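Participant: model this:
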Amino acid sequence: MNINQQRIAVFDDDLRRAFQVQSLKIEDESHLHAGHAGAASGGGHFKLEIVAPEFKGLNLVARHRAIYAALNQHIPKEIHALTISALAPDEVLD
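Facilitator: Have a look, this model is predicted:
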């Protein structure tokens with residue numbers, strides 16, 4: 001297991017503690033940013049897709065703030081960049 005896979009496992013745990021997760025997918029996109037100045041710091045680039053009831057009624061900024069609060073201890077050391085899709089269960093298209 002590489003360092004970013006280990007990080008993803010920890011991020012997953014933190015998000016599941018913070019939210020009633022119905023669906024969660026975290027992808028390492030660091031390879032897409034090789035050579036990027038931020039990549040030199042050792043922090044990874046990740047894509048996060050999460051579905052949880054806590055996002056119902058929240059606007060995009062509030063959803064992102066909630067995610068950042070749950071992962072705050074990892075920013076900016078382990079997480080350099082994070083792409084977020086945060087939905088409430090009733091917003092998921094089948």
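
Participant: which stretches of the chain have low pLDDT?
Facilitator: 33-42, 94 (pLDDT under 70).

Participant: need the helices for it, in chain order.
Facilitator: 3-18, 60-71 (DSSP state H).

Participant: report the central residue of this protein.
Facilitator: Centroid-nearest residue in the chain, with CA atoms, centre = their mean: Leu48, separated by 4.0 Å.

Participant: and the helices of the chain: which comes nearest His31?
Facilitator: Of all these, it is helix 3-18 that lies closest to His31, at 9.4 Å by CB to CB. Every residue, glycine included, has its C-beta placed from N, CA and C.

Participant: buried residues in the closest one?
Facilitator: Asn4, Arg7, Ile8, Phe11, Asp12, Leu15, Ala18 (16 or more other CB atoms under 10 Å).

Participant: for Ile79, which non-adjacent residue is spatially closest?
Facilitator: Gly43 (5.7 Å; CB to CB, 6 or more residues apart in numbering).

Participant: isn't Val10 right up against Gln73?
Facilitator: No: using CB atoms under 8 Å as the test, Val10 is too far from Gln73 to be in contact (9.3 Å).

Participant: partners of the residue nearest to the centre of the chain in the sheet?
Facilitator: Ile26, Ile84 (DSSP bridges).

Participant: contacting residues around it?
Facilitator: Residues in contact with Leu48, defined by CB atoms under 8 Å, 6 or more residues apart in numbering, are Phe11, Leu15, Leu24, Lys25, Ile26, Glu27, Ile67, Leu82, Thr83, Ile84, Ser85, Ala86.

Participant: mind listing what the closest residue in space to the second one that isn't next to it in sequence touches?
Facilitator: Leaving out its chain neighbours, the residue that sits closest to Leu15 by CB to CB, 6+ apart is Ala70, at 5.5 Å. Contacts here follow CB under 8 Å, 6+ apart; on that basis Ala70 touches Asp14, Leu15, Arg17, Ala18, Phe19.
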